[in-house]
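In: just coords:
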């Protein structure tokens, strides 16, 4: 494949993500509850690969356990458990993302994972730099590493509000469950 044929697929907006969730299985009578579609979007932030993995897990669970094909919050919960505990492909992808962060980036990601939550997905830049300084990292180094993490789409920065967060809640959950 030539270099000109490579096309980066970015994050989907909520409408596009909901189409990716529901459209491929419409002809098979599969229905995703609205709150499930919203939850999948929130945890993936529209990352197409992770959306597809979660939906695939939902289908696997439905095929094994259900008489109907309604993806409910309990099915989604089981799919997320499968993702972290038995989802080798997804774990490999998350492990690779983690490894690319290297030691300094990993320290920052761990600190960020502790400082934010699903309900409060942003941390003030000054608070983050203060916490990172306690880890022995200088602000100038941390700033460069955070920029690199942003380029790799591991973290996001809200420049107008001077805040940082994870690009996906899924990555934060992975760090809390697997890397601490």
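Out: That came through fine. What you see is a predicted model; the values in this text were computed from it and never measured. Residues are numbered from 1 along each chain as shown.
In: for stretch 153-169, what is the average pLDDT?
Out: Over the span of stretch 153-169, the pLDDT mean works out to 92.
In: ignore the last one, stretch 119-135
Out: 93.
In: end-to-end on that stretch?
Out: 25 Å (CA to CA, to the nearest Å).
In: Sort out which residues of that stretch are buried, please.
Out: By 16 or more other CB atoms under 10 Å, the buried positions in stretch 119-135 come out as 121, 122, 123, 125, 128, 129, 131, 132. From N, CA and C alone the C-beta is placed, and that goes for glycine too.
In: ok, and what's touching that stretch?
Out: With contacts defined as CB atoms under 8 Å, 6 or more residues apart in numbering, stretch 119-135 is touched by 107-108, 111-112, 115-116, 139, 142, 157-158, 161-166, 169.
In: Take those and keep only those in strands.
Out: Within these, residues falling in strands by DSSP state E are 157, 158, 163, 164, 165, 166.
In: Tell me the helices and strands packed up against the helix or strand of the chain with the lowest mean pLDDT.
Out: Least confident helix or strand, the chain: helix 88-100 with a mean of 83, by mean pLDDT, DSSP states H and E. Packing contacts for helix 88-100, counted by 3 or more CB pairs under 8 Å, 6 or more residues apart in numbering; DSSP states H and E, involve helix 48-65, helix 73-85, helix 169-178.
In: the inter-axis angle of the shortest one versus helix 88-100?
Out: Okay, so that is helix 169-178. Calculated by axes from the mean of the first three to the mean of the last three CA atoms, to 10 degrees, helix 169-178 forms an angle of 90 degrees with helix 88-100.
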